[in-house]
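Colleague: I would like to see how this sequence folds:
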Amino acid sequence: MEILSRSYRLSNRPLSTGNSNPPALVKALQRDLRALGYLSEGIDGWYGPATCAAVRSLQYDLTHPKPVPAAGPVRVADYSRERVHAVDGAVDRALVDCIAEMMADDKFPKLPRSANATQENKRVLASLKSMGSSGVPVPFLLAILEQESGFRHFSVPQGQDEDDYVTVGLDRNDARNPDRITSRGYGVGQYTFFHHPPTPSEIAEFILDPVANTLHIVSSFKEKFEGAVLASDARCRADDRIQEVGEQPLRTCRYNVADARYMTDCQACMRQAGLQTILAGITALFAGSSQRYRATKYHRETRYINVPIRANILCDWPYAARRYNGSGVDSYHYQTQVLLKVLSGPQLPNW
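Modeller: Numbering: from 1, shown residues only. As a prediction, this is how the structure comes out:
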């Protein structure tokens, strides 16, 4: 906070994309934006599109007061005090003063960082591999966590990038207000909140603690398996499963619980299911569906090669993996990528 405020006073000129911004000043800004939960990653001194988007989202929150503080401990708009008026992605004196006050206020919880992100991430990964009694197939759990965060609970500083804050995923799904962050996912499991900022207890219980973060993902995945795949409400159930398998009881695993391969030999099951190519605009989401795979805001892929054939996999975890991500075309992209990761096995980061 002091670094950004003091450095800005020395330069006394707006920061924005397209300008020749002092890298040290931009890093100070990025560090505060990360701590406040507006920048997903990167403390590298470059005022690029991600930093601009973070500034715009902060400006949006400062200029759009909510009727009452939601689940969060403070209301972001209260820090504006009529000083911020535009959502333009430029950082001026007024915005710097707002940021300084937010950073100085102990009532505004700041996101955690790690002094040794690499070791923390390795510890998390080791604990994930040992979760054999979690009630979900570990290969699917690892695939989901790789998809969600690349197994990173904390960002790892690399080169000029000094980022060591907890991993954050930002969704902007309000078509009318594209600068509004609609949800934030935190940590290795991307534990999601729809309010901001999180409370101190939420940070302690679900964001700072990677084990608690992961256990939430495990319980959510089990919940989707048990409650969504064959939901009584047709609007919530997995249409692909109904079409491809029918409404027979849930299939936990092709193997008996006493078999050593029970919920562990998923890679072999993927291979035995056969492989297919999925093409955007051609491949239906499932047999009989009028919708086709297509590139989206979050998934720009137009072709997947050697994808395990979902209908031939003798368990219902692939359908639970899709419903874990929601519904619609994006959820089918997500499911496809999870199946590919289960097939290939976890691709461990080179920390």
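Colleague: I'd like to know which helix or strand in the protein has the lowest mean pLDDT.
Modeller: helix 2-11 (a mean of 71; mean pLDDT, DSSP states H and E).
Colleague: give me the buried stretch members for that helix, please.
Modeller: 4-5, 7-8 (16 or more other Cβ atoms under 10 Å). For every residue, glycine as well, the C-beta is placed using N, CA and C.
Colleague: got the contact list for A273?
Modeller: 308-310, 312-313 (Cβ atoms under 8 Å, 6 or more residues apart in numbering).
Colleague: what about it, distance to Q267?
Modeller: Going from A273 to Q267 by Cβ to Cβ, to the nearest Å gives 11 Å.
Colleague: if we can go back for a sec, show me what the next helix or strand after the least confident helix or strand of the chain packs onto, helices and strands only.
Modeller: Downstream of helix 2-11, the first helix or strand assigned by DSSP states H and E is helix 23-36. Judged by 3 or more Cβ pairs under 8 Å, 6 or more residues apart in numbering; DSSP states H and E, the packing partners of helix 23-36 are helix 2-11, helix 49-63, helix 93-104.
Colleague: what's in contact with the helix or strand just after the last one?
Modeller: What it means is helix 93-104. Helices and strands here follow DSSP H and E; after helix 93-104, the next one along the chain is helix 117-129. With contact meaning Cβ under 8 Å, 6+ apart, helix 117-129 is reached by 114, 138, 141-142, 145, 151-157, 164, 188, 210-211, 214, 348-349, 351.
Colleague: gap between helix 117-129 and the chain center?
Modeller: How far helix 117-129 lies from its chain's middle: 18 Å, per Cα atoms, centre = their mean, to the nearest Å.
Colleague: please apply the same query to stretch 45-57.
Modeller: Here stretch 45-57 is found 18 Å from its chain centre; the criterion is Cα atoms, centre = their mean.
Colleague: flag every buried residue along that stretch.
Modeller: Quick answer for stretch 45-57 (16+ other Cβ under 10 Å): 45-47, 50-57.
Colleague: same deal with stretch 300-316?
Modeller: Neighbour count says stretch 300-316 has 304, 307-308, 310-311, 313, 315-316 buried, by 16+ other Cβ under 10 Å.
Colleague: returning to what we had before: could you provide the helices and strands packed on helix 23-36 in CSV, with additional columns for distance to S134?
Modeller: Below are the helices and strands packed on helix 23-36 laid out as CSV (distance: least, Cβ to Cβ, whole Å):
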stretch, distance to S134
helix 2-11, 42
helix 49-63, 34
helix 93-104, 38
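Colleague: for R235, which of those helices is the nearest?
Modeller: Distance to R235, taken as Cβ to Cβ, is lowest for helix 49-63 among the helices and strands packed on helix 23-36, at 31.0 Å.
Colleague: show me what that closest one is packed against.
Modeller: Counting by 3+ Cβ pairs under 8 Å, 6+ apart, helix 49-63 packs on helix 23-36, helix 93-104.
Colleague: residues contacting it, please?
Modeller: Applying Cβ under 8 Å, 6+ apart, the contact partners of helix 49-63 are 16-17, 26, 29-30, 33, 36, 38-42, 76-77, 79-80, 84-91, 95, 98-99, 170, 172, 177, 179-181, 196.
Colleague: that helix vs helix 93-104, what angle?
Modeller: Note on geometry: by axes from the mean of the first three to the mean of the last three Cα atoms, to 10 degrees, helix 49-63 and helix 93-104 are set 80 degrees apart in direction.
Colleague: farthest-separated two in the buried residues of helix 2-11?
Modeller: Farthest pair in the buried residues of helix 2-11, by Cβ to Cβ: S5 and S7, 7.4 Å.
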